[in-house]
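*Asks:* Next input, structure requested:
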Amino acid sequence: MLIIPAENAVNWKRPPWVTLGLIMTCLMVFLFYQGGDEQKLESAIGQYLGSGLLAQEAPAYEDYLQREIRFEDDQQRVLELQDFQQLRAQGNEPWQAVTLLLDREYYQYLKDNSDIIWTPAERSQWMEQRSAIEQQWISQMSAFQLGLVPADLSLYTLITYQFLHGGWGHIIGNLVFLFLLGFTVERALGPGRYLVAYLVCGALSGLVFTVFSSGSLIPLVGASGSISGLMGMYVAIYGLQKIRFFYFLGVYFNYFRAPAIAMLPVWLGKEIYDYWFAGATGIAYMAHAGGLLAGAGLVGLLGKSWLQVKEEFYEPEPEEQDARFTSGYAQAMASLGRMEFDLARRQFEALREHYPERSVLLEHLYQLAKLRPDMPAYRDLATELMSDALARRQPEQLLSVWQEYLSKGEAHHPLAGEDHNRVLFFSLKQHDLKSAEKAFERMRLRAEPEMVHEACRLLIAEFEKLQMEPKARHYRQLLQGLN
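*Replies:* Just a heads-up that it's a prediction; the model follows:
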């Protein structure tokens, strides 16, 4: 059963560059660095078979497997013994050579017990020939150079193993999941923090794998631990919010919605169960479990500081915002058409909470408030609409709203002196002297003396500039009276 989150779509206007870069890096490493592994293995097989080592090691390998079965009760070794005996019966020497060359625990067993298995002459010959193959070919393969070997852990391999893969099926599966999860987490955290968190999850995943595979000589490769970290971060970011998941069971698939964080114990339980009961599948289940815990833990511990989710992550994409706005706006307009004014007002207010930049919503709310000019809401919305008109550089609308409010609402709830002063200032800029004088008369009643003095000086300067001396003299006399 496969369950993956499917809450978001990719916004190609803001591509997930780090995720795409990680995918490209893994592909380049696989093609150009790991691409030489096959030739190295073929050369190792040829030298191994040519040296006669197969005849010397094959019987020892069967004895080794039987010993493991007898003393360790390792059922996986039973299957390996049966497969190897079948290869010998078929005379398939190349695959016998592959088995013996790549079984690192067997190679270590031979080094530790060669003096018991063979005579000194045989041991000396084996050591010379086998060491040459190891140094020239096997140790140069990517998994043994940069893979994570629990028995020989190096700090740099905690990072490098994340970019290696064991074959086309392995890399394609990992990169598909990296893309499906990565673009969402990258958008949530931002490119830099996302990259660091990805690598840290991979490193912690490798450490958990090392703990549960202590002493193992088999190298761990692949991005699945890091990707499991992305899964842990993904559900921790959404927390208790219900999101959509895709599931695949046999030939059946569908979607369901559930609290995001509820999937963490499900995924974690599956990995732990498979670790104990799935048998030797070659899948690093505990690395996956470690990645899940690392990702969720990082968000849980640092989600309010260094790993805090960007605010814009929770905002719908522009296309989705437009669709939601259009739907909500149509509902509110339908309410207006039915003359359900209270419902329409609530709908416009709800829309404005989510889309405060849409001036048309403010205009509708103003028109609805105008139905009750005796209420304070009309003054508040008139003032807000006047400020919005100034911000959008629409002085005509500013003057229109102001004049309308004077006739309908000023008697109930007068505007503040600052509101009249703004009208005066922009009226002068528009050379609308009649409105400027009217605004001045209103503001004289409510504004601070300093504001009134300054407004009076502006009127004097304007009338003097236009050579309207009677008007200029009137305001000079008025200014002296104010002083």
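
*Asks:* from here on, contacts and neighbour counts on C-alpha atoms
*Replies:* Noted.

*Asks:* ok, residue 464 touching residue 470?
*Replies:* No - the criterion here is C-alpha atoms under 8 Å, and residue 464 misses it with residue 470 at 9.4 Å.

*Asks:* Can you get me a residue count around residue 13?
*Replies:* Neighbourhood size, residue 13 [other C-alpha atoms under 10 Å]: 6.

*Asks:* Wait, a strand at it?
*Replies:* No - Residue 13: not assigned to a strand; according to DSSP: H, G, I helix; E, B strand; the rest coil it is coil.

*Asks:* So residue 464 and residue 470 - more neighbours on which side?
*Replies:* residue 464 (15 against 11).

*Asks:* Now do the buried residues in stretch 359-372.
*Replies:* Going by neighbour count (16 or more other C-alpha atoms under 10 Å), the buried part of stretch 359-372 is 361-366, 368-370.

*Asks:* ugh, wrong one, I meant stretch 127-143
*Replies:* Those buried within stretch 127-143 under the rule 16+ other C-alpha under 10 Å are 130, 133, 137-138, 140-143.

*Asks:* got it, and stretch 378-394?
*Replies:* By 16+ other C-alpha under 10 Å, the buried positions in stretch 378-394 come out as 378-379, 381-383, 385-390.

*Asks:* Stretch 262-275 too?
*Replies:* 263-264, 267-268, 271, 274-275.

*Asks:* Residues in contact with that stretch: which ones?
*Replies:* 232, 235, 240, 284-286, 288-289, 292 (C-alpha atoms under 8 Å, 6 or more residues apart in numbering).

*Asks:* would you turn these into JSON lines with neighbour count?
*Replies:* Output for these, formatted as JSON lines (neighbours: other C-alpha atoms under 10 Å):
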{"residue": "232", "neighbour count": "29"}
{"residue": "235", "neighbour count": "25"}
{"residue": "240", "neighbour count": "13"}
{"residue": "284", "neighbour count": "21"}
{"residue": "285", "neighbour count": "22"}
{"residue": "286", "neighbour count": "25"}
{"residue": "288", "neighbour count": "28"}
{"residue": "289", "neighbour count": "26"}
{"residue": "292", "neighbour count": "30"}
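
*Asks:* Centroid-nearest residue for this protein?
*Replies:* Most central in the chain under C-alpha atoms, centre = their mean is residue 185, positioned 1.2 Å from the mean C-alpha point.

*Asks:* From residue 150, how far off is that residue?
*Replies:* Distance of residue 185 to residue 150, computed by C-alpha to C-alpha, to the nearest Å: 29 Å.

*Asks:* Point out where the protein drops to low pLDDT.
*Replies:* Within the chain, the segments meeting pLDDT under 70 span 1, 280, 315-321, 483.

*Asks:* Which helix or strand contains the residue located most distally from the centre of it?
*Replies:* Distance from the centre of the chain peaks at residue 470, with 69.7 Å (C-alpha atoms, centre = their mean). Assigned by DSSP states H and E, residue 470 belongs to helix 469-482.

*Asks:* packing partners for that helix?
*Replies:* Counting contacts by 3 or more C-alpha pairs under 8 Å, 6 or more residues apart in numbering; DSSP states H and E, helix 469-482 packs against helix 449-465.

*Asks:* Show me what the helix it packs on is packed against.
*Replies:* Judged by 3+ C-alpha pairs under 8 Å, 6+ apart, helix 449-465 is in contact with helix 417-429, helix 433-443, helix 469-482.

*Asks:* so how far is that helix from its chain's centroid?
*Replies:* The chain centroid and the centroid of helix 449-465 are separated by 57 Å under C-alpha atoms, centre = their mean, to the nearest Å.

*Asks:* Buried residues, that helix. List them.
*Replies:* Of the residues in helix 449-465, those buried by neighbour count under the rule 16+ other C-alpha under 10 Å are 451-453, 455-456, 458-460, 462-463.

*Asks:* If we only consider those, which is nearest to residue 28?
*Replies:* Minimum distance to residue 28 across the buried residues of helix 449-465 is 69.6 Å, recorded for residue 451 (C-alpha to C-alpha).

*Asks:* need the contact list for the nearest residue to the closest one once chain neighbours are set aside.
*Replies:* Nearest residue to residue 451 in three dimensions, chain neighbours excluded: residue 421, at 7.9 Å (C-alpha to C-alpha, 6 or more residues apart in numbering). Counting by C-alpha under 8 Å, 6+ apart, residue 421 makes contact with 439-440, 443, 451, 455.

*Asks:* distance of residue 421 from residue 376?
*Replies:* Using C-alpha to C-alpha, one obtains 20 Å as the distance from residue 421 to residue 376.

*Asks:* among the buried residues of stretch 378-394, which are in helices?
*Replies:* Using DSSP state H, 378-379, 381-383, 385-390 are the members of those that sit in helices.

*Asks:* Would you mind giving these as CSV with distance to residue 213 added?
*Replies:* Converted to CSV, those look like this (distance: C-alpha to C-alpha, whole Å):
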residue, distance to residue 213
378, 72
379, 73
381, 68
382, 71
383, 70
385, 68
386, 70
387, 67
388, 65
389, 68
390, 69
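
*Asks:* any idea where the helices of the stretch 201-350 of the chain begin and end?
*Replies:* All helices of the stretch 201-350 of the chain, identified by DSSP state H, counting those that start in this stretch, fall at 224-238, 263-277, 285-302, 318-337, 341-354.

*Asks:* Please disregard the earlier target; I meant the stretch 1-150 of the chain.
*Replies:* Remark: helices assigned in the stretch 1-150 of the chain by DSSP H, counting those that start in this stretch are 17-28, 37-50, 53-72, 75-90, 93-102, 104-117, 120-136, 142-146.
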